[in-house]
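Participant: Prediction below, plus the sequence it came from.
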Number of protein chains: 2
Amino acid sequence: MKELEKITPLEVDFPKWYIDVVKQGSLIEYGPLKGTLIFKPNSYGIWEQIQLNLNEIFKEKGVQNVYLPLFIPEKLFAKERDHIKGFNPELATVTQVGDKKLDEKVYVRPTSEVLFADLFKKSIVSHKDLPLIYNQWANVVRWEKTTNPFLRSREFLWQEGHTCHANPLEARTLTKTMISTYAKFLKNYLAIPTIIGKKTAHEKFAGACSTYTIEAMMKDGRALQAGTSHYFAQNFSKQFEISFKNKNNVEEFVYQTSWGVSTRLIGAIIMTHGDNRGIIIPPKVAPIQIDILEVFANKNSKVHEVALLLKKELGRKFRVRLDETDKNPGYKASNSEIQGVPLRIEIGPRDLENNMVTIVRRDTLEKIVISIDDVKNEVPILLDKIHNNLYEQAKNRLDNNQVLVNDYEDFKKEIDNRKFVIAPFCCSGKIEERIKEETGATTRCIPKKMDKPVELAKCIYPTCNRKTKRYVIFARAY
Amino acid sequence: MKELEKITPLEVDFPKWYIDVVKQGSLIEYGPLKGTLIFKPNSYGIWEQIQLNLNEIFKEKGVQNVYLPLFIPEKLFAKERDHIKGFNPELATVTQVGDKKLDEKVYVRPTSEVLFADLFKKSIVSHKDLPLIYNQWANVVRWEKTTNPFLRSREFLWQEGHTCHANPLEARTLTKTMISTYAKFLKNYLAIPTIIGKKTAHEKFAGACSTYTIEAMMKDGRALQAGTSHYFAQNFSKQFEISFKNKNNVEEFVYQTSWGVSTRLIGAIIMTHGDNRGIIIPPKVAPIQIDILEVFANKNSKVHEVALLLKKELGRKFRVRLDETDKNPGYKASNSEIQGVPLRIEIGPRDLENNMVTIVRRDTLEKIVISIDDVKNEVPILLDKIHNNLYEQAKNRLDNNQVLVNDYEDFKKEIDNRKFVIAPFCCSGKIEERIKEETGATTRCIPKKMDKPVELAKCIYPTCNRKTKRYVIFARAY
């Protein structure tokens, strides 16, 4: 039993607040290798709920789950040049087994495009095999220099969908469908609002033709890329010779997409909803939705009886935890809060005299004293309210912190004000790099929907005189 | 659309039959790196069902899921000497990232005892933290020289449970509980009977104090180790300093266990139930439990109507596939059989005239013509019958192919007859090695329950004169 330590207030030091929250909330432990992470039950449980729910949604879209190998031979990876160039500096490389040197280097997958390409080549013969919509849940490795729990670690968990299509329209449509699916999932399950948009050429995935993204806004104003969907056209299929006989019996290369979300989403939950007492887990993905706490159970046997009864009854529909250890009630309540459990029910002898119990909401800390008989009906209503409240707060923050600018001095000021800054931009990669150096901000996306002037505007960067209709969101980002 | 090829009869060439079944049954594709495997939807789907059901069972036993890193620093792995000695020759080793050499070698986990030990050291303070029962679903890597799909590959998927206890009795009891849990799971979900027993010192897990196993019998008489559970006593806790304050406030080292099953189980399913038409998947873990096949739907619109209706109705309770493509019905039926789908429902215009459809069992190939209205009630009964029939057949095989011997010539003959041979054995590791060289048989286990002579007997090996009461099962094994 570890003592609970104080969490640094988020207004005082946001990065320290974040580390305190992940450590104190039973979310992680650091792995023995620098930059690796242990997912404890409270964070792995969130990932399991994300998996369960996304699998349901994927199934409706005809997605089939598969599992491909961890290892990629050097030669295979090198086939798509932009792709290997993008990933090479971060590739963990196996060169020996036991004491024996290998003949060929083997990479630990940082993503699986080339493995899927090799599988598709073997699997696809005719247009009757298309579309082919595969997905895998897997660990991937990118040897990052600076790491941060959930947000950037050397190994992370994700799902990566990979698809093949008989024509570009179908593939493009799927790319967009998947990014919308992610946006809806984040809204409906994680209570996180996002902005859907397209990445600039400079920020798109290595090897992709275009990349769509959902961008969320954290409590410190920084952006977090929460999911991506890529359209590859025939970039991989030509290199890997993934072809099919079309309806006219002519051999043609397939059109491809890939899309994914990762355990970054846990970081997004923390920094979207968390407060100075720790993480607040949205009810739909909370590993424990309800904590039942006995107050002075040793002095009153009815307390334990009612606790067991409620656990059984609520347990049919919800994920309920009853801590039967003799730890003191204050510790249990703090523990429940710091672990972000959406609701806790406190059962104490005084309330019980009137056949009542106390329900405490994690988001508002509001205490509701209600009759035991009403608990069953009230709990689902409260869980919905929590979800909606979390979403509304985050949505207001996102809506109220976007600003349109036309002047570079304003741009810099608003970036310092931690806003999402929307500006006309020529989309040159070189200028993007310069803006990043000067302000710390990167392009997040070219939003799908937005109110913006219709006439041509000068690029936001002072020395660039190009005119554009493209408005781009810039922000500092995780 | 690939042509279905003929499967080699299992009586003719069992190993070739096995490879034909895994390739033709849409179960695997080989990965680009030798010895690695791609799990296609039909095999990954079995693994997903195994996960779902085992997770339910684990939850009742208080198991909490976690996820630990893929990478183990060299120094950490070296702490338990027997453990590193056992695994060293198969350890995939990362020595560089991008073009930069690492300062310390990093191993890809072949199992995670040392990682859990490190976590436990950080997590456990007092007896109130015990027992701690963790499990992870993960990929592990063992660089095997000869590989075989599902049975032995360089990377495989598994679950590994790791626990800490305040006393040896509780830890020993859990070790046994888990092996029984696996035996029950194989019986009730995979329709595979097993023998529970203890491994000899020579065959136990590197670093364990004792190892329990469940051994199954494949159709060719070979044994397959289907699950193991290890008791570590304080072997790891002393090396890794995992201690707790006991009730008397005295610092003590914890007692540990670990236990696991892997994607080998898919191989066990194939070789326990498969026939000359391919795999037969036990209904409870079949990714598709029912195939609905339309016969001549293009000539009769009612066929499609009924198919959709049945899919919707059965889909509420079962995993149902309706192939709406225009592939011909013969191809679809063969495909359903070769993929091992337990039931298929054929809907054709002639049956429909009498409001009937035909249900075909995958195990017996029996065809049942029944009224559409009865399908809903009949399906669960048929699925149960299939499960029970598969189990009975396997159980009869296991029961009828064990033989007790007291003479080494008989021993060799019965091993050649592909039996599980039970013999009195001194349990010397050296003799075990010699018997393996001479007969190809290894010790499978010292069974928990068995009828055997009560008096002391001479060890089965001719030149060994030791007397023993220990009877051991020998067999050739996967």
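Facilitator: Thanks, I have it.
Participant: Packing partners of the least confident helix or strand in chain A by mean pLDDT?
Facilitator: Using mean pLDDT, DSSP states H and E, helix A:81-87 stands out as the lowest-scoring helix or strand of chain A, at a mean of 84. Secondary-structure packing of helix A:81-87 (3 or more C-beta pairs under 8 Å, 6 or more residues apart in numbering or on different chains; DSSP states H and E): helix A:74-77. Quick note: C-beta positions are derived from backbone N, CA and C, even for glycine.
Participant: Give the buried residues for the least confident helix or strand of chain A.
Facilitator: By 16 or more other C-beta atoms under 10 Å in any protein chain shown, the buried positions in helix A:81-87 come out as A:His83, A:Ile84, A:Gly86, A:Phe87.
Participant: In which helix or strand does the residue nearest to the third one when sequence neighbours are not counted reside?
Facilitator: Nearest non-adjacent residue to A:Gly86, counting by C-beta to C-beta, 6 or more residues apart in numbering or on different chains: A:Ala206, 2.5 Å away. In this structure, A:Ala206 sits in neither a helix nor a strand according to DSSP states H and E.
Participant: Can you give me the neighbour number for A:Ala206?
Facilitator: Residues within reach of A:Ala206, counting by other C-beta atoms under 10 Å in any protein chain shown, total 18.
Participant: what's the distance between it and B:Phe240?
Facilitator: 40 Å (C-beta to C-beta, to the nearest Å).
Participant: could you pull out the strands for the stretch 51-200 of chain A?
Facilitator: Using DSSP state E, counting those that start in this stretch, the strands of the stretch 51-200 of chain A run over A:64-65, A:71-73, A:92-97, A:100-108, A:132-141, A:155-165, A:195-198.
Participant: okay if I get these as CSV plus distance to B:Arg319 and mean neighbour count?
Facilitator: Shown next, in CSV, are the strands of the stretch 51-200 of chain A (distance: least, C-beta to C-beta, whole Å; neighbours: other C-beta atoms under 10 Å in any protein chain shown):
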stretch, distance to B:Arg319, mean neighbour count
strand A:64-65, 13, 19
strand A:71-73, 31, 23
strand A:92-97, 37, 20
strand A:100-108, 33, 16
strand A:132-141, 17, 20
strand A:155-165, 20, 23
strand A:195-198, 33, 21
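Participant: Identify the residue of the stretch 151-300 of chain A closest to chain B, quick one.
Facilitator: A:Glu155 (5.3 Å; C-beta to the nearest C-beta).
Participant: Quickly list what that residue is bridged to.
Facilitator: Judged by DSSP bridges, the bridge partners of A:Glu155 are A:Val141.
Participant: and the strands of the stretch 51-200 of chain A as JSON lines, adding mean pLDDT?
Facilitator: Formatted as JSON lines, the strands of the stretch 51-200 of chain A follow (pLDDT from 0 to 100):
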{"stretch": "strand A:64-65", "mean pLDDT": "98"}
{"stretch": "strand A:71-73", "mean pLDDT": "96"}
{"stretch": "strand A:92-97", "mean pLDDT": "97"}
{"stretch": "strand A:100-108", "mean pLDDT": "95"}
{"stretch": "strand A:132-141", "mean pLDDT": "98"}
{"stretch": "strand A:155-165", "mean pLDDT": "98"}
{"stretch": "strand A:195-198", "mean pLDDT": "97"}
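Participant: wait, which of these is closest to A:Trp259?
Facilitator: With C-beta to C-beta as the criterion, A:Trp259 lies closest to strand A:155-165 of the strands of the stretch 51-200 of chain A, at 4.7 Å.
Participant: tell me which element the residue in the stretch 201-350 of chain A that chain B sits nearest to falls in.
Facilitator: Nearest to chain B, among the residues of the stretch 201-350 of chain A, is A:Thr325, at 6.3 Å (C-beta to the nearest C-beta). Using DSSP H and E, A:Thr325 is not contained in any helix or strand.
Participant: At the contact with chain B, which residues of the stretch 101-250 of chain A appear?
Facilitator: Residues of the stretch 101-250 of chain A lying close to chain B by C-beta under 8 Å from any C-beta of the partner chain are A:106, A:108, A:115, A:118-119, A:122-123, A:125-126, A:128-129, A:134, A:138-139, A:141, A:143, A:154-155, A:157.
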